[in-house]
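K.L.:
sequence and computational prediction follow.
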Amino acid sequence: MTASTPRWRRVLLKLSGEALGGRKEYGFDFQVVSVIAEQVARVHQLGVEVALVVGGGNIFRGRHAEEGGFDRATGDYMGMLATVINALALQEGLEKVGLHARTMTAIQMPQVAEPYIRRRGIRHLEKGRVIILAGGSGNPYFTTDTTAALRAVELEAEVVLKATKVDGIYSADPLQEPTAERFQRLDYLEVLNRGIEVMDNTALTLCMDNGVPIIVFDLLQAGNLERVIRGENIGTFVGAPGARVEQSPAATTGGH
Ligand code: UDP
């Protein structure tokens, strides 16, 4: 493999709603959407097929409804609808940089976007379109991290790229603990057993059972998506046993 050969050919990029929000507490930062779109365009030029799963936490999370004494399932549907708003913003951003993008929703709303149909999603990817998978899994009590794992498995993506605000998983919160060190690699079970907050357990287990590795990295650092795709050692790689663990105490991503 040369330096210019992508290590991964089909990837599932998970973007949280918070990532789209940038520094804003609510809603999205259009500048951030453009930065993300440019990074996706660069890896697309390398011939990499990109499927995106987008969260909704910058707008609404199901547990907000519960905190307010509302029904959890209704809140979760509100959260799933929030992901569609984000997906449409991303679709615009991607098209502005010349990509062909298709939003596919797990909850049908044909006036807004296509329904998610697995074989159709694969076809879009093969034709060089970027797909944005919105509406979560379509089921309450799940997260968009679990959706990312599920879609990665069914679309036969080789890796889940989990974008966070910090550049990997640390031995402690790097914002509070300057001596915290970044793990380069971790086993799935290590992450599960230590309760490292990288993805929820359902998502992690799904990846583990189906042998899909996860790379946690900072997407907002210019060029990082391309570096990950080229196999550069940035972020933290979570995969099958054999991964070397550099640190021991309770670890954290420092927020995700
Ligand atoms: N959600 C859901 N089922 C799914 C995916 C998401 O019910 O399959 C709801 C859930 O309420 C969640 C919200 O949508 O809180 C937004 O998704 P998430 O919190 O995963 O977004 P992120 O943290 O990635 O921004």
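P.N.:
Nice, thanks for sending it over. Remember, predicted model here, so these are calculated numbers, not experimental data.
K.L.:
quick one, phi/psi of Thr164?
P.N.:
phi -130, psi 180 (degrees, to the nearest 10).
K.L.:
also the one 3 residues further on?
P.N.:
Dihedral pair for Asp167: phi -90, psi 40, per degrees, to the nearest 10.
K.L.:
what about it, how many residues close to it?
P.N.:
By the criterion of other C-beta atoms under 10 Å, Asp167 has 20 neighbours. No exception for glycine: its C-beta is placed from N, CA and C like everyone else's.
K.L.:
give me the phi and psi angles of the nearest residue to it once chain neighbours are set aside.
P.N.:
Spatial nearest neighbour of Asp167, excluding adjacent residues (C-beta to C-beta, 6 or more residues apart in numbering): Asp218 at 4.0 Å. With angles defined as degrees, to the nearest 10, Asp218 sits at phi -90, psi 110.
K.L.:
any idea what Asp218 is bridged to?
P.N.:
Counting by DSSP bridges, Asp218 forms beta bridges with Thr164.
K.L.:
got a pLDDT number for it?
P.N.:
We have a pLDDT of 94 for Asp218.
K.L.:
could you look up the SS state of the nearest residue to Ala172 once chain neighbours are set aside?
P.N.:
Nearest residue to Ala172, sequence neighbours excluded (C-beta to C-beta, 6+ apart): Ala180, at 4.1 Å. Judged by DSSP: H, G, I helix; E, B strand; the rest coil, the three-state class of Ala180 is coil.
K.L.:
near the ligand, which residues of the stretch 1-150 of the chain are found?
P.N.:
Residues of the stretch 1-150 of the chain found near the ligand, taking C-beta under 6 Å from any ligand atom as the criterion, are 16-18, 55-57, 61-62, 75-76, 79-80, 82-83, 136-137, 139-140, 142-145, 147.
K.L.:
could you pull out the strands for the stretch 101-250 of the chain?
P.N.:
Taking DSSP state E, counting those that start in this stretch as the test, the strands found in the stretch 101-250 of the chain are 101-105, 114-115, 130-134, 159-164, 185-187, 214-218, 236-239.
K.L.:
next, format these as JSON lines and append mean neighbour count.
P.N.:
Formatted as JSON lines, the strands of the stretch 101-250 of the chain follow (neighbours: other C-beta atoms under 10 Å):
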{"stretch": "strand 101-105", "mean neighbour count": "22"}
{"stretch": "strand 114-115", "mean neighbour count": "15"}
{"stretch": "strand 130-134", "mean neighbour count": "28"}
{"stretch": "strand 159-164", "mean neighbour count": "26"}
{"stretch": "strand 185-187", "mean neighbour count": "20"}
{"stretch": "strand 214-218", "mean neighbour count": "23"}
{"stretch": "strand 236-239", "mean neighbour count": "24"}
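K.L.:
those strands: which one's closest to Val32?
P.N.:
strand 159-164 (10.8 Å; C-beta to C-beta).
K.L.:
what about Pro23, which helix or strand?
P.N.:
Not quite, residue 23 is Arg, not Pro. Following DSSP states H and E, there is no helix or strand that holds Arg23.
K.L.:
so it sits against Lys165, correct?
P.N.:
No. Counting by C-beta atoms under 8 Å, Arg23 stays clear of Lys165, with 10.1 Å between them.
K.L.:
so for the two, which sits in the more crowded spot?
P.N.:
Under the criterion of other C-beta under 10 Å, the comparison of Arg23 against Lys165 puts Lys165 first, with 16 against 7.
K.L.:
need phi/psi at the more buried one.
P.N.:
Note on Lys165: backbone dihedrals following degrees, to the nearest 10 are phi -90, psi -10.
K.L.:
looks like Met78 contacts Ala65 (just checking).
P.N.:
Yes. In terms of C-beta under 8 Å, Met78 counts as a neighbour of Ala65; the distance is 6.5 Å.
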